[in-house]
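S.K.: fold the following and give me the result.
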Amino acid sequence: MAHPSQLGFQDAASPVMEELLHFHDHALMVVLLISTFVLYIIIAMVTTKLTNKYILDSQEIEIIWTVLPAVILILIALPSLRILYLMDEIDDPHLTIKAVGHQWYWSYEYTDYEDLAFDAYMVPTQDLIPGQFRLLETDHRVVIPVESPVRVLVTAEDVLHSWAVPSLGVKMDAVPGRLNQTAFLASHAGVMFGQCSEICGANHSFMPIVVEAVPLEYFEKWSSMMLEDA
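M.R.: Next up, the predicted model:
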């Protein structure tokens, strides 16, 4: 989850998010180098170091400032396309969960189980216990097995919503009448927090998402318990 005064991204909890963080750092370094170079050129021109007519009218310089940006864009585009492919690839998921957005809560169906479904409402501030986070905790968590590919089918019942968990690198719009899908793999056990990321009405900021990754044996115990209570 995010922390007070945090400037960077949340810690990665999936391989895709790790790739996104590496790409972000790569692109940010390119932007920093370009900005530094352009600033130097501006300062040099202001101080009349680069106002020679042979420099300003040079055809070679025009070729360089046309070709170089194209090369830079290619160097940024190639890893970007690779990550987009990884994010869209859904290869033999071990578990499929259907997430349905409502005004203003989420409901979940574990489609591999016959009766495993529940609604997840935000825990009101007055009902929080020590250790829980305001506006982020839900009464039911989405429990998944760690290191297992999970597919999430996302839709909405009323208006546009968005199922987003930053530390997993997941953000998928929930559109009424349409079934979108995304996938992720939790690389370690833990609790990941997210929120609806599409302005969906008055209580948009009060429909959080909590994903808890646990070892497989604990997931089997949890699913058995939920089925007994259903």
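
S.K.: tell me the helix or strand right after the least confident helix or strand in the chain by mean pLDDT.
M.R.: Scoring the helices and strands of the chain by mean pLDDT, DSSP states H and E places helix 53-56 at the bottom, with a mean of 60. Moving toward the C-terminus from helix 53-56, the next helix or strand (DSSP states H and E) is helix 59-88.

S.K.: quick check: which ranges of the protein have low pLDDT?
M.R.: Within the chain, the stretches with pLDDT under 70 are 49-58, 230.

S.K.: can you give me the strands in the protein?
M.R.: Assigned by DSSP state E, the chain shows strands spanning 95-102, 105-110, 117-120, 142-145, 150-156, 161-165, 170-174, 180-184, 190-196, 208-214.

S.K.: so which of the ones you listed comes closest to Glu220?
M.R.: In terms of CB to CB, the element of the strands of the chain nearest to Glu220 is strand 142-145, at 8.3 Å. From N, CA and C alone the C-beta is placed, and that goes for glycine too.

S.K.: in its sheet, what does that closest one sit against?
M.R.: strand 208-214 (parallel) (DSSP bridges).

S.K.: contacts for the partner strand, please.
M.R.: 13, 106, 120, 122, 135-138, 141-146, 163-165, 168, 186, 188-196, 222 (CB atoms under 8 Å, 6 or more residues apart in numbering).

S.K.: could you turn the buried ones of these into a ChimeraX selection?
M.R.: Buried subset of the contacts of strand 208-214, written as a ChimeraX selection, criterion 16 or more other CB atoms under 10 Å:
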select :13,106,120,122,136,137,138,141,142,143,144,145,146,163,164,165,168,186,191,192,193,194,195,196,222
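
S.K.: can you list the domains in the chain?
M.R.: Per automatic domain parsing, the domain ranges recorded for the chain read 15-88, 95-229.

S.K.: need the phi and psi values for the spatially most central residue of the chain.
M.R.: Nearest to the geometric centre of the chain sits Gly169, at 3.1 Å (CA atoms, centre = their mean). When read as degrees, to the nearest 10, the backbone of Gly169 gives phi 70, psi 30.

S.K.: could you measure from it over to Leu86?
M.R.: Separation of Gly169 from Leu86 (CB to CB, to the nearest Å): 9 Å.

S.K.: joint contacts of these two?
M.R.: Shared contacts of Gly169 and Leu86 (CB under 8 Å, 6+ apart): 16, 19.
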